[in-house]
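>>> Give me a model of this one.
(one chain, ligands or ions: 1)
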Amino acid sequence: MGSSPPFGYLKQSNIIFLRLFMILVLSSILNKTNLCSHSVASINSSITFSLQALHLDGYFNFDAHNIQYAAKDFGNRYHFMPFAILYPISVFDISSTIKHIFHMGSSSKLTVAARGHGHSLEGQAQTHEGIVINMESLRGIKIVSSEEMPYVDVSGGELWISVLHETLKHGLAPKSWTDYLYLTIGGTLSHAGISGQAFKHGPQINNVYQLEVVTGKGEIVKCSEQQNADLFYAVLGGLGQFGIITQARISLEPAPQMVKWIRVLYSEFSIFSRDQEYLISSKNLLDYIEGFVIINQTGLLNNWRSSFNPKDTLLASQFNSNGKILYCLEMGIYYSHEETSIMNQKTEKLVSQLSYIPSTLFLSEVTYLDFLNRVHISEMKLRAKGLWEVQHPWLNLLVPKSKIFEFAKEVFGNILKNNNNGPILIYPVNKSKWLTNRTSLVTPGEDVFFLVAFLSSALPSSTGSNGLEAITIQNQRILDFCTKAHLGVKQYLPYYSSQEEWKTHFGNQWHTFVQRKSAYDPLAILAPGQRIFQKSIPFSPS
Ligand code: FAD
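Next comes the predicted model:
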């Protein structure tokens, strides 16, 4: 089927009349019960017809063969075939489409999913027989490099890697990142965007001055802390529920040229986490902090040699973990070429305050771009082995500081036997430095909490411990333990299948979340893949 509208010769007034007529026809068909397949087909062609009649700069594609990519995501476990894909060129394309669907009313089942880079894990950017908006078609990066407050106005569909490349041309860069940069602005701002800079600058949703949003009624709204603040905060961390982010104004800072990248190992969790907590409370010691867990892995230090230099080659070569679980603290100090000697002093000072295993100090110096884009190298390697497009049963948790020891003892010491299925990240953040209170993001009640990410890949058709079933069972055991032990853990990139579970997840924020939903997307048209609200089922805060 052709993808561009065939009604170019119709006048605007005729098109409006045609749309209204189609909506009336459609509503009257939909109101009839017991639809036979003939009437389903006729509804589908009416919908196609009415969508094609919209006056757009971009276009729809209805061809099943061409649109099936939108029924897939990084998780590779959920596949919902859309009805059509919109390739928008302007914000008006998105607004007209949503307005049109809004005017169809609650009797139409049509929903809308914005698709960023499709790196969701459980179908969150998909819609069953609805409209997927291919956000990457909406392009635009404009940098304003004022001295006091540099920022970039960027389309919601741009990738962070593109923003980095563009801002670096001006000697600038955003402050807060994700570990992987082939994600869209709208996709990460709908969650939080957490990485090793979050302890200092807060998550990405903390570094946004303004948004342009298309609500579930099709309205185009500019919002910020000063203007339409409720919508602004609702959308940040809002899981796509309140509006589609078409543009974001993101705060920038002067970009460093280089990063001193440091890794050290611990065999005692309590010492590792104590050092991590100390570092996030310190002022100006470092710019980046993460960490990961190594369970039952041999030859690890050898793998690092391609990118890191041991401080003491001989001692490092003699290091033996004796089968113990190891915890790697990873740090970064930013600097420019002329600051090399200051940076070396800073590094000495930093490591002298830590209690790691002395033979395990590894150092490296990389450009800022290579540092931020580090996961892309792993991606290329995995792609070459056919191991990137596998299933990804990931589990991301936010664990309160007071419970992290109990969590680590049971999960790393008992539930997990190895981490051969993928990395396990663990690092703390300091909520008092975050300005997320009014956003939709849900975090544990304590000021300091740890992000713990189990980033597993399932081997295709394996029935062993590296297969989907075994990993899913293991994830469930972790979740069950957290619930039984009352750890106050919250899921990051949350996934639930019932509204009861969502209510528990949001806790006392649920009431506000539902109120905002009824204000900005009263028909529950947006982001159905999150499975929080269902179109045509009224929602209430109780
Ligand atoms: P999509 O998967 O396309 O969409 C995600 C959700 O947001 C969907 O519900 C969708 O409808 C909605 N959405 C998309 N665009 C918009 C928009 N413009 N407006 C409103 N809603 C929208 N997260 C971190 O915080 N830190 C990390 O370090 C990190 N690393 C990652 C590494 C990898 C390899 C992967 C796969 C994911 C990682 N993530 C990380 C998670 C990632 O931030 C989320 O999965 C994010 O949603 C992916 O962005 P996307 O552009 O692919 O979004």
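>>> Chain neighbours aside, what residue packs nearest to the residue in the stretch 401-542 of the chain positioned nearest to the ligand?
Closest approach between the stretch 401-542 of the chain and the ligand, counting by C-beta to the nearest ligand atom: residue 527, at 4.3 Å. Any C-beta I mention is one placed from the backbone N, CA and C, and that applies to glycine too. Among residues not flanking residue 527 along the chain, residue 240 sits closest, at 3.3 Å (C-beta to C-beta, 6 or more residues apart in numbering).
>>> What backbone torsions are found at the residue lying closest to residue 48 once chain neighbours are set aside?
In space, and not counting its chain neighbours, residue 48 is closest to residue 62: 5.7 Å by C-beta to C-beta, 6+ apart. Taking degrees, to the nearest 10, you get phi -110, psi 0 for the backbone angles of residue 62.
>>> In this structure residue 62 contacts residue 84, no?
Yes. Between residue 62 and residue 84 there is a contact under C-beta atoms under 8 Å: 4.7 Å.
>>> Compare these two (neighbour count), which wins?
When neighbours are counted by other C-beta atoms under 10 Å, residue 62 and residue 84 differ, and residue 84 comes out ahead with 25 against 19.
>>> pretty sure that one contacts residue 50?
No. The pair residue 84 / residue 50 is not scored as a contact, 11.2 Å apart, by C-beta under 8 Å.
>>> thinking again about what came up before, mind checking how far the residue nearest to residue 527 is from residue 332?
31 Å (C-beta to C-beta, to the nearest Å).
>>> Pick out whichever of those two has more residues nearby.
In terms of neighbours (other C-beta under 10 Å), residue 240 is the more surrounded of residue 240 and residue 332; the figures are 28 against 21.
>>> Could you pull up the residues touching that one?
Residue 240 is in contact with 113, 114, 124, 125, 186, 190, 526, 527, 530, counting by C-beta atoms under 8 Å, 6 or more residues apart in numbering.
>>> before we move on, the earlier item: quick one, phi psi at the residue of the stretch 401-542 of the chain closest to the ligand?
Backbone torsions of residue 527, given as degrees, to the nearest 10, read phi 50, psi 60.
>>> And for residue 333?
Per degrees, to the nearest 10, the backbone of residue 333 is at phi -120, psi 130.
>>> can you tell me which residues contact it?
Residue 333 sits next to 259, 260, 262, 286, 287, 288, 343, 346, 347, 350 when contact means C-beta under 8 Å, 6+ apart.
>>> Just the ones of the residues you listed in helices?
343, 346, 347, 350 (DSSP state H).
>>> Listing request: residues of the stretch 201-350 of the chain with sub-threshold pLDDT.
Residue ranges of the stretch 201-350 of the chain with pLDDT under 70: 298-302, 305.
>>> Can you show me the strands along it?
208-215, 220-224, 243-254, 258-266, 288-294, 309-310, 326-335 (DSSP state E, counting those that start in this stretch).
>>> gap between stretch 150-163 and the chain center?
Mean C-alpha position of stretch 150-163 versus that of the full chain (C-alpha atoms, centre = their mean, to the nearest Å) differs by 15 Å.
>>> any idea of the mean pLDDT for that stretch?
Mean pLDDT, computed over stretch 150-163, is 98.
>>> and the end-to-end length of it?
End-to-end distance for stretch 150-163: 14 Å, by C-alpha to C-alpha, to the nearest Å.
>>> How about it and the ligand, any contact?
Yes. Using C-beta under 6 Å from any ligand atom, a contact is recorded between stretch 150-163 and the ligand, made by residue 156.
>>> phi, psi of residue 400?
Residue 400 adopts backbone torsions of phi -60, psi 150, taken as degrees, to the nearest 10.
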